[in-house]
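Student: just the structure for this:
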Amino acid sequence: MNSPRIWITYAWVDDDVGDFSYLVQRLATVEVEATYDRRALIPGRRLWQQIAEHILSGKIDGWGYLLTANSLSSEACKEELGFALLRALDAKGEQFPLIGLLHGVRIGDVPPSLRIRLCVNLADANWPELVKAGLEGRQPNVPVERQDEFEVSLHTNYGGISSASAVEVRPRFREVMYWRFAVPKGYVVQQWGHGPSGGGAISRTKTMSIDGEGAINGGSIKWFGAGDRLSPSISAYVAFSGAVPPQIYFGVAQGSDFPSEWKIIQCS
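Tutor: Sure thing, here's the model as predicted:
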């Protein structure tokens, strides 16, 4: 089977430091051949006639648009997109792949003609395979990443204080009570408690607050927690003044003050 080929519209300025060339290089690692104006067009001949020849002759299997702030403001890119939609869809039909390649822009900034089609975020580690699958009209062969029931976030400059950092733990769906943090001894905990998800302020009140000392995996820790209810909109927080431990622990007590299992949270 021949390697799929994709024509890519882009703003020349997006290759000033080699970003576009790197995109072409990465596509080659999954055997997708990228073609574009500087590689495929003959100087001195009419631009749109040559692009039409590539579309109508079957030399390309799909059209890509590198969506950046530069290309979205480029009149030449807009014209090329409009031409691609007109000629490609007329000649190839609705199944002809038109793929938006998002780089540093929001989906809301994407032209409506591409927003309703496949858009691939270049921040996704599997983006080359996603592009290839789109060109070949199949489901992408990407690993399914296992998600934990708790979402963990690290907030620097927490509360507007440059020296403060906070770890947030949020249950994705269910409600949780009797939660606990465990922190290696030697690190300064500025405050802890519950608060609005997404980096909100820690509440001054705690229900059934508890704390103690112990050991986890042979290391000395101090642990603390409360009975305040956590939910998808209410998170548990522990904020540090100064250095943040390489890892801390989070658990839910079930029938005892000390959790039977701890979740390891990597902080760095």
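
Student: in stretch 66-82, what counts as buried?
Tutor: By neighbour count, and taking 16 or more other CB atoms under 10 Å as the criterion, the buried residues in stretch 66-82 are 66-68, 70-72, 74, 77, 80-81. The way it works is simple: take the backbone N, C-alpha and C, and place the C-beta from them, glycine included.

Student: mind checking the end-to-end distance for that stretch?
Tutor: Length of stretch 66-82, first residue to last, CA to CA, to the nearest Å: 14 Å.

Student: just the mean pLDDT for the host helix or strand of Ser113, thanks.
Tutor: Following DSSP states H and E, one finds Ser113 within helix 112-115. Averaged across helix 112-115, pLDDT comes to 74.

Student: who does it touch, helix- and strand-wise?
Tutor: helix 75-92, strand 98-102 (3 or more CB pairs under 8 Å, 6 or more residues apart in numbering; DSSP states H and E).

Student: show me what counts as buried in it.
Tutor: If you call a residue buried by 16+ other CB under 10 Å, then helix 112-115 has these buried ones: Leu114.

Student: wait, His103 sits on Leu67?
Tutor: Yes. Proximity of His103 to Leu67 meets the contact threshold set by CB atoms under 8 Å, at 6.4 Å.

Student: picking that back up, among the helices and strands packed on helix 112-115, where is the model least confident on average?
Tutor: Across these, the stretch with the lowest average pLDDT is helix 75-92; it has a mean of 70.

Student: hmm, who's touching the helix holding Ser113?
Tutor: By CB atoms under 8 Å, 6 or more residues apart in numbering, the residues outside helix 112-115 that reach it are 65, 67, 81, 85, 98, 100, 107.

Student: then stretch 230-240?
Tutor: Where contact means CB under 8 Å, 6+ apart, the residues beyond stretch 230-240 that reach it are 158-159, 164-173, 175-177, 179, 181, 183, 187-198, 200, 202, 225, 228, 248, 250.

Student: try it again with 7 Å
Tutor: With CB atoms under 7 Å, 6 or more residues apart in numbering as the contact definition, stretch 230-240 has outside contacts at 158, 164-173, 175-176, 179, 181, 183, 187-197, 202, 248.

Student: in three-state terms, label Val142 for me.
Tutor: When classified by DSSP: H, G, I helix; E, B strand; the rest coil, Val142 comes out as coil.

Student: burial measure for it, as a count.
Tutor: Val142 has 13 neighbours, counted by other CB atoms under 10 Å.

Student: show the contacting residues for it.
Tutor: Counting by CB under 7 Å, 6+ apart, the residues that Val142 touches are 126, 129.

Student: in this structure Gly62 contacts Ile99, no?
Tutor: Yes. Under the contact definition of CB atoms under 7 Å, Gly62 touches Ile99, with a separation of 6.1 Å.

Student: more neighbours: which of the two?
Tutor: Each of Gly62 and Ile99 had its neighbours counted (other CB under 10 Å), and the higher figure belongs to Gly62 (24 against 20).

Student: check contacts around that one.
Tutor: Contacts for Gly62 were tallied using CB under 7 Å, 6+ apart; they are 6, 96-97, 99, 134-135.

Student: ranges for the helices of the stretch 51-200 of the chain?
Tutor: Counting by DSSP state H, counting those that start in this stretch, the stretch 51-200 of the chain has these helices, from start to end: 69-72, 75-92, 112-115, 127-136.

Student: select from the contacts of stretch 230-240 every entry located in strands.
Tutor: Counting by DSSP state E, the contacts of stretch 230-240 place 164-171, 179, 181, 183, 189-196, 248 in strands.

Student: quick one: the helix holding Ser113 to chain centroid distance?
Tutor: Helix 112-115 sits 20 Å away from the centroid of its parent chain (CA atoms, centre = their mean, to the nearest Å).

Student: kindly report the same for stretch 164-173.
Tutor: 18 Å.
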